[in-house]
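# Mind looking at a prediction? Sequence and model below.
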Amino acid sequence: MTQRKHAPTPPSYRRQKRRNATDLAFVDIGGRLHYLGPYNSAESMEAYQQIIAEWRANRGRVATETRALTVVELCARFEEHATTVRLTSGQYAASASIIRSKCE
């Protein structure tokens, strides 16, 4: 009698607790963390379903983006990050305005 092969269990939807900030959802596939958005949000649940569908379609692998960022894209991403991060004093990081002036 032959044994039936079971489909592998998909990686778990997980939570990264952050101090004084919204917890993030992520999934670990092949040792690489894929961040999905705020934990337990509709956005992160949808992103999880999409990445698991891709994982199943590619037999346990997820395609990775190979295109490198341009300097302008990097500046834009950092500016977005710097304007949302608050220092312990409650002030926004001044580096956002510095980066904006250097990237123009």
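Yep, that arrived. Numbers count the residues shown, from 1 in each chain.

# Report the rounded mean pLDDT for the top helix by length along the chain.
In the chain, taking DSSP state H as the definition, the longest helix is helix 42-57. For helix 42-57, the per-residue pLDDT values average out at 93.

# Residues contacting that helix, please?
7, 10-11, 13, 25, 27, 29, 34, 36-38, 61-63 (Cβ atoms under 8 Å, 6 or more residues apart in numbering). To be clear about C-beta, it is placed using only N, CA and C from the backbone, and glycine gets the same treatment.

# Just the buried ones from these?
Buried members of the contacts of helix 42-57, scored by 16 or more other Cβ atoms under 10 Å, are P11, Y13, A25, V27, I29, H34, L36, G37, V62.

# Which of the residues you listed fall within strands?
A25, V27, I29, H34, L36, G37 (DSSP state E).

# Could you provide these in a markdown table, with additional columns for distance to E80 and pLDDT?
Below are these laid out as a markdown table (distance: Cβ to Cβ, whole Å; pLDDT from 0 to 100):
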| residue | distance to E80 | pLDDT |
| --- | --- | --- |
| A25 | 19 | 94 |
| V27 | 23 | 93 |
| I29 | 25 | 88 |
| H34 | 19 | 90 |
| L36 | 18 | 92 |
| G37 | 14 | 91 |
